[in-house]
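Student: just to be clear, the model below is a prediction. Sequence and coordinates:
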Amino acid sequence: MKTCNRCLEEKPYSEFYVKNNMKDGYRNQCKVCVRSGRVAKRFDLSFYELVHMRENHSGKCDICGLQETAVVYGTVKTLALDHCHSTGKVRGLLCQNCNTGLGKFKDDIDLLQSAIKYLKEGL
């Protein structure tokens, strides 16, 4: 077990990236904190703003209202930080399915409304 120097949680070594020049062979920050730090920087948020946003969130997708179920390398993914591609403004936290769904529709409201119309007419 190892304690992350950012979130201060004790986790198994499998939750840390390997770093050969470290005394124990692993990074000091857990995988979740490393990824969160990259995401925060990309959207001009501090790491602590992102953590605060996630902590004050229900843990459920802002669109479908479900908990994330997508698993990568044996770990459930964290909710994606959704943003407007033209302005870069953060909108909320989405599950993998809803986030990629919006991406497939290119955040185009008219295209989404057309899809809704199509689904309603097919009932």
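Tutor: Arrived safely, thanks for sending.
Student: so residue 96 sits against residue 68, correct?
Tutor: Yes: judged on Cβ atoms under 8 Å, residue 96 makes contact with residue 68 at a distance of 6.5 Å. All C-beta spots, glycine's among them, are computed from the backbone N, C-alpha and C.
Student: may I see the buried residues of stretch 56-63?
Tutor: For stretch 56-63, burial by neighbour count (16 or more other Cβ atoms under 10 Å) applies to 61-63.
Student: just stretch 88-95 next, same as before
Tutor: 90, 92-95.
Student: quick revisit: shared neighbours, residue 96 and residue 68?
Tutor: Common contacts of residue 96 and residue 68 (Cβ atoms under 8 Å, 6 or more residues apart in numbering): residue 77.
Student: and residue 11, how many residues sit next to it?
Tutor: 15 (other Cβ atoms under 10 Å).
Student: likewise for residue 36?
Tutor: Around residue 36 there are 21 other residues, counting by other Cβ under 10 Å.
Student: quick thing: my sequence starts at 48, can you match it?
Tutor: Sure thing, new numbering starts at 48, so read that last one as residue 83.
Student: who's the residue nearest the centre of the chain bridged to?
Tutor: Centroid-nearest residue in the chain, with Cα atoms, centre = their mean: residue 127, separated by 2.7 Å. Under DSSP bridges, the beta-bridge partners of residue 127 are residue 141.
Student: and it, what is it in contact with?
Tutor: Contacts of residue 127 by Cβ under 8 Å, 6+ apart are 140-143, 146.
Student: mind redoing it with 10 Å?
Tutor: Contacts for residue 127 were tallied using Cβ atoms under 10 Å, 6 or more residues apart in numbering; they are 86, 108, 115, 117, 139-143, 145-147, 149-150.
Student: picking that back up, and the buried residues of stretch 103-110 as CSV, adding pLDDT and distance to residue 67?
Tutor: Below are the buried residues of stretch 103-110 laid out as CSV (pLDDT from 0 to 100; distance: Cβ to Cβ, whole Å):
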residue, pLDDT, distance to residue 67
108, 94, 38
109, 94, 40
110, 95, 41
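Student: now do the buried residues in the helix or strand encompassing residue 76.
Tutor: Element membership for residue 76, per DSSP states H and E: strand 73-77. Residues of strand 73-77 classed as buried: 73-77 (neighbour count, 16+ other Cβ under 10 Å).
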